[in-house]
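J.: no sequence for this one, just the structure:
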């Protein structure tokens, strides 16, 4: 389904410029932008994937990853197709680089998604698998429908978006996990065809101009962004500009798409990154994509007692009040907590929608 899109302006000879992200794609009639989902249709910008998904699945919220946003609860996750980055190491490349829209599922209206969340007792809905900024109009409509039912909204994003679109998009989000892929501008240019400064602007905006709860993920790739100096610089910047309470997830890379020549990230590298982050003042640092209970567990920032003990996505210990207080010393743990831990665990349940396009 094509839907009129926002954030563009006319150029000469029927061309238009997309103003959604810093790519500023200039698109001739009948052509698409780099993301492949925003197109010039008779001199108008349209979103070509409105209402169509590459799949729906109920996940644990920790899989996004979000460890401080209603831990243990289920989240209805979905994405569409396409992406506005060109990451050579993309771990969801079959979705983000898809050019075969006929493989997308049947039409799912925003209200149908909201009703599915209610029926399956999901606490939140997550826009994920490919970057939701490129399907902003669909994500916003789904967010509105879900919020009307008391369902929280989560964006899993690289944060590569222009200022005005950024305001519109995040005004409808309750939480986000943002990929901070590297702290080296050359990494972003060479491997993602993107600009680090814009991502940093998004993070500063989220922290200081919104109430969106967000956590950071750094996928550590051997030989590319795993140096001690880079991790030290990144984590110092996070504490200085975003504060010590923003959780950081250091995740393991596995060979994929156009980066099959790199080895998997050793657990020791992730542990090292986590230790550097904590030394620099990050209060909540985690390891990801590996089995490491210490790196999955949330500790009190003051007395260091276990607050939330995890084994992968299973919560095995709970020492925190409904308001997020450490039951040992009373220190508040940053995040969103509401009652006892959810019990969704590791389950992953695919969903299909029978609704048809109108």
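T.: Perfect, thanks for sending it. Being a predicted model, the structure only gives us computed values, none of them experimental.

J.: would you map out the domains in the chain?
T.: 3-47, 55-351 (automatic domain parsing).

J.: now mean neighbour count and mean pLDDT too, for those domains, in a markdown table please.
T.: Placement of C-beta: from N, CA and C, glycine included. Converted to a markdown table, those look like this (neighbours: other C-beta atoms under 10 Å; pLDDT from 0 to 100):
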| stretch | mean neighbour count | mean pLDDT |
| --- | --- | --- |
| domain 3-47 | 18 | 97 |
| domain 55-351 | 19 | 94 |
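
J.: on the three-state scheme, the most centrally placed residue in the chain is what?
T.: A centroid search over the chain (C-alpha atoms, centre = their mean) returns residue 156, at 1.4 Å, as the residue closest to the centre. Under DSSP: H, G, I helix; E, B strand; the rest coil, the three-state class of residue 156 is strand.

J.: quick check: closest non-adjacent residue to it.
T.: Nearest residue to residue 156, sequence neighbours excluded (C-beta to C-beta, 6 or more residues apart in numbering): residue 128, at 3.9 Å.

J.: now do residue 129
T.: Leaving out its chain neighbours, the residue that sits closest to residue 129 by C-beta to C-beta, 6+ apart is residue 79, at 3.0 Å.

J.: same check, this time on residue 121
T.: The spatially closest residue to residue 121, leaving aside those adjacent along the chain, is residue 74, at 6.9 Å (C-beta to C-beta, 6+ apart).

J.: likewise for residue 108?
T.: Leaving aside its sequence neighbours, residue 108 sits nearest to residue 353 (C-beta to C-beta, 6+ apart; 4.2 Å).

J.: what sits against residue 345?
T.: Under the criterion of C-beta atoms under 8 Å, 6 or more residues apart in numbering, the contact partners of residue 345 comprise 60, 72, 313, 314, 315.

J.: return the member of these nearest to residue 218.
T.: Nearest to residue 218 among the contacts of residue 345 is residue 313, at 19.5 Å by C-beta to C-beta.

J.: distance of the residue lying closest to the closest one once chain neighbours are set aside relative to residue 289?
T.: Leaving aside its sequence neighbours, residue 313 sits nearest to residue 60 (C-beta to C-beta, 6+ apart; 4.2 Å). Separation of residue 60 from residue 289 (C-beta to C-beta, to the nearest Å): 14 Å.

J.: residue 285 reaches residue 274, doesn't it?
T.: Yes - here residue 285 reaches residue 274: they are 4.5 Å apart, a contact under C-beta atoms under 8 Å.
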